[in-house]
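Q: please work out how this folds:
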Amino acid sequence: MRLTERCALALALATTMSPSAANPTPDLAALFGTRPAATGMAISPDATRLLYIAPAGSGGSAVVVLDVASGTTRIVLSSTTASARPDDCFWKSETRLVCRFYGVVASGNGLLPVTRILAVDADGNNVKQLGQRSTVDMLGANQFSGKVIDTLADDPGHVLMQIEVAEQAQWEGSGGSNIRRARAGMSVQRVDIRTNAATIVESPNPIIREFGTDGHGSVRYRATGSVDPNGYLREAVQYAVRGVGDRNWKSAGASSSAVVPQFEFEGCDDTGGGMLTRETKDGREALFRLATDGSGTRTLVFAHALVDVDGVLRIGKYQRPVAVRYTVDAPQYEYFDPVLLKLTRSLSAALPDHPDVVVLDESWDRTKLLVASGQGGTPGTYYLFDSATHKLAEVLSLRPGLQQSTLATVKAVRYPAADGTMIPGYLTLPPGVPPTRLRAIVMPHGGPSARDTGGFDWLAQYYAAIGYAVLQPNFRGSSGYGAAWYRSNGFKSWATAIGDVNDGARWLVTQGIAEGARLAIVGWSYGGYAALQANVLDPGLYKAAVAVAPVTDLAGMKMRALNYTNALQVAAFIGDGPHVSAGSPARNAGRFRAPVLLFSGDRDLNVDVSQSRLMATALGSAGKPYELKIYPGLDHQLDDSEARADLLRRSTSFLDAALK
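A: Reported below is the predicted structural model:
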């Protein structure tokens, strides 16, 4: 019997709908809108249990512990709403977990992110908040309790946390008669996971942005940057490292921009002696080993001729680096460990359809592995592999409600922009339908400092399932292809980025895939901005536009950022000049011909709901047709199964009416 057949997920998994005698037609919006069954899965030190985050009802989330032998599950932590949820958990020991909860709260100046670190026993008992608790900020409560930067695997009772200490009055002296001001700034503290008692490892310093360790308890990296007189973070960041047992910091470089850094710390190498860093080589991000002796010596570890390095895969007790990750048409891994390289190839060959397999985690003795499989048209599955018995056991399918569905194929494509540049992208075609003269959707990605990767995309798969061809372009302004492709980012160079998007729509028509009269554009976040701005650039190209959480006014984004410490970074990212007004859809609503459907959550910290409301007002004033749907209590991701299903149903009705 498979492990999944023994699992009792109870309330941890959201209910999915499937065909039955009473209801022979599946509700596709509910099926595709349902959130994945698990995220962030991790294996316990002795591999007897698994930990993951699962949906709890429509919008809540639960931290679930699965007993491998019995297949039974236990919810150890949970939230009932999408506005406060666990988003990262790890095994501290076989009996204790540590989880980060993230939420968005309203304040007098707008919305603020809030995080809490909680430790809990594997049976759900003895919950303890870790990190800063006593200090209060201007809101009357801590915004961030801290961040775990080292699990201290060899110390069962403590973790190492990065904690920002606010300036506060403290009593000094046994009589309590003297008052001093505690130094404010970022610190590193060794924190007891049962009592929250802490000792200072690195004293608070107001210029520190972040710390990093070698995975064995030594702080070996830091980033520093100053603030201006108004308290805003300045753009420039300096980096420093130090060797094993050395307390002296040595310069490792600097970045002129914190938004697009020229240096990324990727932890230490497997010896602990050198730093792994992502830095630029020939215009693309590559992986280097940086000596920590102050010489600045860098040795190239891996570089790809076409794309950037995305990061380093780390697993196990000390989070050892085992592979470098990059994406050409699909995510790929270059393994440092030849045993894991051979194993992943063997497992891929043994599974049906030979999907790519990646190692996600390992037991502390390295005999059990947690692996995942998936490819463009499949949502993915978790497995446990026993290296002693060479047995592979299925643990959990990420989208069990879609197991009986025929999903669309995803194909990597290239198409020409107006200047002849070949634009990479992904084409998802409806299953079982000839790819000619279809209704079609161009779906630009978010970011803009991001890219599509060709993996399972619930939006693209849903629209393909109801008969649409979907093109996801990695337009110029996308990240992952090097500095020349990224250009000045998709806001400053919006004319090029949006031009590439619209050229993708024209390509669909010239290839005979789509009818010119049945083109729509759909996007989320920056993709929502692109969906709107595409209609400013080419008003007659699309017959409908759907924008989820869109940026609509660039100057408004800069103004809103004045309430936050990253205002200078936002201002630099967007820039100044004629492109700000010309590149703001809400300031050009009169050019629209296509009807517009807008979605937003009113707890969106990334793109405030006011941006959607402003667009709706501008369209209404210009006499243009629009609809606006706001979801109360939801943030940028609309991380709620019912809300996502509602979005799919509403957008389907809207698109069907416009493209009939």
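Q: residue 446 belongs to a strand?
A: No: counting by DSSP: H, G, I helix; E, B strand; the rest coil, one finds residue 446 to be coil, located in no strand.
Q: quick one: it and residue 530 touch, right?
A: No: look at residue 446 against residue 530 with Cβ atoms under 8 Å: they stay out of range, at 9.1 Å. Any C-beta I mention is one placed from the backbone N, CA and C, and that applies to glycine too.
Q: between these two, which one's more packed in?
A: residue 530 (37 against 23; other Cβ atoms under 10 Å).
Q: against residue 254, how distant is that one?
A: Distance of residue 530 to residue 254, given as Cβ to Cβ, to the nearest Å: 32 Å.
Q: show residues contacting stretch 122-131.
A: Contact with stretch 122-131 is made by 44, 49, 65, 74-77, 94-98, 116-120, 144-146, 148, 159, 161, 163, 191, 193-196, as judged by Cβ atoms under 8 Å, 6 or more residues apart in numbering.
Q: straight-line length of that stretch, end to end?
A: With Cα to Cα, to the nearest Å as the measure, stretch 122-131 spans 20 Å from end to end.
Q: count of residues packed around residue 471?
A: 27.
Q: quick check: it is in a helix.
A: No: counting by three-state DSSP, residue 471 is not part of a helix but strand.
Q: identify the contacts common to residue 446 and residue 530.
A: residue 523.
Q: just confirm residue 189 is within a strand.
A: Yes: applying three-state DSSP, one finds residue 189 inside a strand.
Q: surely it and residue 196 touch.
A: No: using Cβ under 8 Å, residue 189 is not in contact with residue 196, being 10.1 Å away.
Q: looking at those two, which is more packed in?
A: residue 189 (23 against 16).
Q: which residues touch that one?
A: 146, 160, 161, 163, 198, 199, 200, 201.
Q: just flag the most distant two among the residues you listed.
A: 146 and 199 (13.9 Å; Cβ to Cβ).
Q: you'd agree residue 463 is in a strand?
A: No: per three-state DSSP, residue 463 lies outside any strand segment and is helix.
Q: and the pLDDT at the nearest residue to residue 448 once chain neighbours are set aside?
A: Excluding its sequence neighbours, the residue lying closest to residue 448 (Cβ to Cβ, 6 or more residues apart in numbering) is residue 490, at 2.9 Å. Per-residue confidence (pLDDT) for residue 490: 95.
Q: how many neighbouring residues does residue 490 have?
A: 32.
Q: need the three-state assignment for it.
A: Residue 490 is classified as coil under three-state DSSP.
Q: that one against residue 526, yeah?
A: Yes: if you go by Cβ under 8 Å, residue 490 and residue 526 touch, sitting 6.0 Å apart.
Q: so where do the strands sit in the stretch 351-500 of the chain?
A: 356-362, 368-374, 381-386, 391-397, 409-416, 422-429, 438-442, 468-473 (DSSP state E, counting those that start in this stretch).
Q: okay if I get those as CSV plus distance to residue 241?
A: Listed next are the strands of the stretch 351-500 of the chain as CSV, based on distance: least, Cβ to Cβ, whole Å:
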stretch, distance to residue 241
strand 356-362, 27
strand 368-374, 31
strand 381-386, 36
strand 391-397, 38
strand 409-416, 38
strand 422-429, 35
strand 438-442, 44
strand 468-473, 39
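Q: quick one, which of the ones you listed is nearest to residue 545?
A: It's strand 438-442; of the strands of the stretch 351-500 of the chain, that one is closest to residue 545 (Cβ to Cβ) at 10.0 Å.
Q: what comes into contact with the closest one?
A: By Cβ under 8 Å, 6+ apart, strand 438-442 touches 429-430, 463, 467-471, 473, 501-502, 504-505, 508, 513-515, 518-522, 534, 542, 655, 659.
Q: please produce a ChimeraX select command covering the buried subset of those residues.
A: In ChimeraX, this line selects whichever of the contacts of strand 438-442 come out buried by 16 or more other Cβ atoms under 10 Å:
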select :429,430,463,468,469,470,471,473,501,502,504,505,508,513,514,515,518,519,520,521,522,534,542,655,659
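Q: mind checking which of the contacts of strand 438-442 land in helices?
A: 463, 501, 502, 504, 505, 508, 534, 655 (DSSP state H).
Q: which one of the residues you listed is nearest to residue 435?
A: The closest of these, once distances to residue 435 are taken by Cβ to Cβ, is residue 508, at 10.0 Å.
Q: is that closest one in contact with residue 471, as I believe?
A: Yes: counting by Cβ under 8 Å, residue 508 touches residue 471, with 5.9 Å between them.
Q: returning to that earlier point: the contacts of residue 189, buried ones only, as a PyMOL selection?
A: Per 16+ other Cβ under 10 Å, the buried members of the contacts of residue 189 correspond to this PyMOL selection:
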select buried, resi 146+160+161+163+198+201
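Q: make CSV from the contacts of residue 189 and add distance to residue 275, pLDDT and secondary structure to it.
A: CSV is the format used below for those (distance: Cβ to Cβ, whole Å; pLDDT from 0 to 100; DSSP: H, G, I helix; E, B strand; the rest coil):
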residue, distance to residue 275, pLDDT, secondary structure
146, 23, 93, coil
160, 17, 98, strand
161, 21, 97, strand
163, 23, 94, strand
198, 26, 95, strand
199, 26, 95, strand
200, 24, 95, strand
201, 19, 96, strand
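Q: okay, and the beta partners of the residue nearest to residue 514 when sequence neighbours are not counted?
A: Spatial nearest neighbour of residue 514, chain neighbours left out: residue 440 (3.4 Å); criterion: Cβ to Cβ, 6+ apart. Under the criterion DSSP bridges, residue 440 forms beta bridges with residue 469, residue 519.
Q: so what's residue 147 bridging to?
A: Going by DSSP bridges, residue 147 forms beta bridges with residue 162.
Q: list the residues that contact it.
A: 100, 115, 117, 161, 162, 163.
Q: any idea which of these is closest to residue 212?
A: residue 162 (8.9 Å).
Q: residues in contact with the closest one?
A: Neighbours of residue 162 in contact, by Cβ under 8 Å, 6+ apart: 146, 147, 148, 149, 186, 187, 188, 210, 211.
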